[in-house]
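S.K.: Sequence and computational prediction follow.
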Amino acid sequence: MKTALKKLSMTLENSNSKTYLELADGRVEELQFTQAQPTHFTVNDSEFSLKSGVTVDLEIMNVDLVATSKEIWPGQEIRVRGGVHGQGAPMKASATIPFKKTITDGVQGESYLYWVMETPEGTFHNKKPIHMKGTLKGLPPKDATFYSESVVPLFDEQDNQVGQIYGCLQSN
């Protein structure tokens with residue numbers, strides 16, 4: 001059963017992220033990102049079940065991150081954009097609140113991220129989402145850490161695989 005819930009807009013003012021970037025030629029770097037712009041997202045209708053509780057669906061409207069390369073392109077900026085200003089559409093996320101619990105108890109959250117990564121060697125993107133998981137204690141997700149467990153291929157503008165990212169970690 002769907003409950004009527006108006007779309008609610010929220011902003012995450014800052015976060016820190018890191019990921020490993022491995023290029024096809026074997027160069028590898030752990031990139032430390034800071035948030036260049038606040039992340040905007042909306043909370044959509046919720047799904048309620050007596051057995052499982054409430055699932056809150058979110059749309060991440062934008063992600064704008066920046067890092068300075070220390071190894072692959074020393075001193076050069078790498079920028080990541082996601083959402084409307086990245087691949088042109090909001091990214092999906094959700095929080096699952098089990099029956100007889102509240103979000104402040106700490107609940108499972110997950111997101112599916114698509115990035116456009118601007119590098120000195122061109123613009124890269126992922127076709128398979130970066131699946132991030134973490135524990136939420138509120139919205140916006142402050143004091144939360146999200147992580148990925150998969151390796152995600154990266155492609156250039158001609159759709160050639162140019163590398164991969166893995167070990168993604170985000171702290172809000």
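M.R.: Yes, it's here.

S.K.: OK, contacts around the residue minimising distance to the centre of the chain?
M.R.: Closest to where the C-alpha atoms of the chain average out (CA atoms, centre = their mean) is Leu113, at 4.4 Å. For Leu113, the contact set (CB atoms under 8 Å, 6 or more residues apart in numbering) comprises Ile60, Val63, Gly82, Met91, Pro129, Ile130, Met132, Cys168. To be clear about C-beta, it is placed using only N, CA and C from the backbone, and glycine gets the same treatment.

S.K.: beta partners of Gly163?
M.R.: Leu23, Leu154 (DSSP bridges).

S.K.: how much space is there between the residue nearest to the centre of the chain and Gln164?
M.R.: 14 Å (CB to CB, to the nearest Å).

S.K.: Point out where the chain drops to low pLDDT.
M.R.: 1-6, 45, 47, 49-50 (pLDDT under 70).

S.K.: returning to that earlier point: filter the contacts of Leu113 down to the ones in strands?
M.R.: Ile60, Val63, Gly82, Met91, Ile130, Met132, Cys168 (DSSP state E).

S.K.: Output these as CSV; include the columns distance to Gly53.
M.R.: CSV is the format used below for the ones in strands among the contacts of Leu113 (distance: CB to CB, whole Å):
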residue, distance to Gly53
Ile60, 22
Val63, 28
Gly82, 28
Met91, 23
Ile130, 26
Met132, 21
Cys168, 27
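
S.K.: Any chance of CSV for the residues you listed, columns neighbour count?
M.R.: Below are those laid out as CSV (neighbours: other CB atoms under 10 Å):
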residue, neighbour count
Ile60, 22
Val63, 29
Gly82, 26
Met91, 24
Ile130, 21
Met132, 22
Cys168, 22
